[in-house]
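Q: output the structure for:
(2 chains)
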Amino acid sequence: MAPKEKGNAPGGASMLVLALLKDQEMYGYQIIEELEKRSNNVFQMKEGTLYPLLHSMEKEGLVTGREGQSPAGRTRRYYRITSSGRRELEERERAWHVYASAVSAVLAGA
Amino acid sequence: MRRTYWWLYAATKKIRFSMDRERVWQELEGHIQERMEAGEERGLSRDEAEKAAVAAMGDPEALAEELGRLHAPYWGWLWRVSQWALGLVLVWSLLAGAWPRALEDLWGYLEGVSEVELPPVVETSRVEYEEGKFYETTSRLVRAWQDLELGEAGGYRWSVPVAYLRCHTQSEDAPADVPDYNTLTIYLAAESCRFWERWEAGGTLFTVTDNTGYAYPDWEETYTPRRGSIGASDYIAYSFGPYTGYETCFSATYRVPDFFSAEGVLEITSVPHPEALEWLEVTVGGERLRIDLRGGEVQ
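A: As a prediction, the model looks like this:
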């Protein structure tokens, strides 16, 4: 099953990371940058959150990693989503939409 | 770099399985170095950039706890032991006449290179690039090779079960930025008896040159930025690989599905002069392999 996260609300960090990896493989630093960019700086993930998340998702088989290098020769580990990762992402996205509409409905009043 | 090494030591000290600790150290070190480079580009001194990069990484003690828990040695050694057990089973099966291959589908398209078939001689595909607009690409198999022996490199005996050159021609209504191009696809298979030496799975071949002296750039050097938007915000995504760009480049990956073999695929987009192509030289694990590509014309 999915890695445990603090709190039970849908839409957690692992869903966001899986969504980023849906179309292309990325390495850690790139994930942080891309998340910031796409969310207009709303989501600024710290390395201390990202790496344990990536490593545990790799252990669970939601993503797979491979060694690579930057053009300058720095070590990078590229992460790619797996088919079970895709299924997990779908489930989580569905849960998120249910949650988000429920919140909106409550805020909008009876 | 003392700050960096202090931080890396603190962050990885609770990872008791040495192979994982090494790997995580390198991954995090690469991350810090890239942040440092970004800082220096913004005008910080090397020392200031290092300070900022390490600070951005956060508290190493908290990270050490998490990483230590994740990379518990029990699982690490269990993995190693099970791999040895698998190795023994494979040796036994070889001696008993069977040859099972542990085909872990790490890469999707690499199902097992010995089962790869040639594509059809002519194939047309339709590409819709805008609503209601499309063009056609005709792919023609021009040359094909099978069962080429390449010799030894990196402790493995390499061969090419299948290789082919296809020319892709666009129909007249194709957009201007979609040119005619060709692709040279070379599947590589390798055998080894030295199961105690293993390559890191998923690496890339390092250099590719051909008989005209041309050195093909790695696809990573030719990535194309692609713009899009999610909701109200724009983003830039970087597309990798020869499938989204038509620049001449190569893309190569290999993996090690079991103790006795390695396999990979080398794809070159747009060989500049395919009619003059006679051989390719690739370096694998630091050693050179020559792939003889003479002949092979398809009727």
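Q: wait, doesn't B:Ala144 sit right on B:Gly295?
A: No - if you go by Cβ atoms under 8 Å, B:Ala144 and B:Gly295 don't touch, sitting 10.0 Å apart. Heads up, the C-betas are built off the backbone N, CA and C, glycines and all.
Q: can you pull the phi/psi pair for the closest residue to A:Gly48 other than its chain neighbours?
A: Nearest non-adjacent residue to A:Gly48, counting by Cβ to Cβ, 6 or more residues apart in numbering or on different chains: B:Gly58, 3.8 Å away. Main-chain dihedrals, B:Gly58, degrees, to the nearest 10: phi 90, psi -170.
Q: identify the residues contacting B:Gly58.
A: Residues in contact with B:Gly58 (Cβ atoms under 8 Å, 6 or more residues apart in numbering or on different chains) are A:46-48.
Q: now, the residues you listed that are in helices?
A: A:47-48 (DSSP state H).
Q: got the contacts of B:Gly58 as TSV, with distance to B:Glu50 columns?
A: Formatted as TSV, the contacts of B:Gly58 follow (distance: Cβ to Cβ, whole Å):
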residue	distance to B:Glu50
A:Lys46	18
A:Glu47	15
A:Gly48	18
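Q: these two touch, right, B:Tyr214 and B:Pro272?
A: Yes - counting by Cβ under 8 Å, B:Tyr214 touches B:Pro272, with 6.2 Å between them.
Q: more neighbours, those two?
A: When B:Tyr214 and B:Pro272 are compared for neighbours, B:Tyr214 comes out ahead with 16 against 12, by other Cβ atoms under 10 Å in any protein chain shown.
Q: on the three-state scheme, the spatially most central residue of chain A is what?
A: Nearest to the mean C-alpha position of chain A, by Cα atoms, centre = their mean, lies A:Val17 at 1.4 Å. Here A:Val17 is helix, with the state taken from DSSP: H, G, I helix; E, B strand; the rest coil.
Q: chain A contacts on the stretch 51-200 of chain B?
A: B:56-59, B:62-63, B:66-67, B:70-71, B:106, B:200 (Cβ under 8 Å from any Cβ of the partner chain).
Q: return the set of buried residues in the longest helix belonging to chain A.
A: Assignment by DSSP H gives helix A:83-108 as the longest helix of chain A. Neighbour counts over helix A:83-108 (16 or more other Cβ atoms under 10 Å in any protein chain shown) mark A:85, A:88-89, A:92-93, A:96 as buried.
Q: let me know whether A:Leu21 touches A:Gly85 as I believe.
A: Yes - A:Leu21 is within contact range of A:Gly85, at 7.3 Å (criterion: Cβ under 8 Å).
Q: cheers, nothing more for now.
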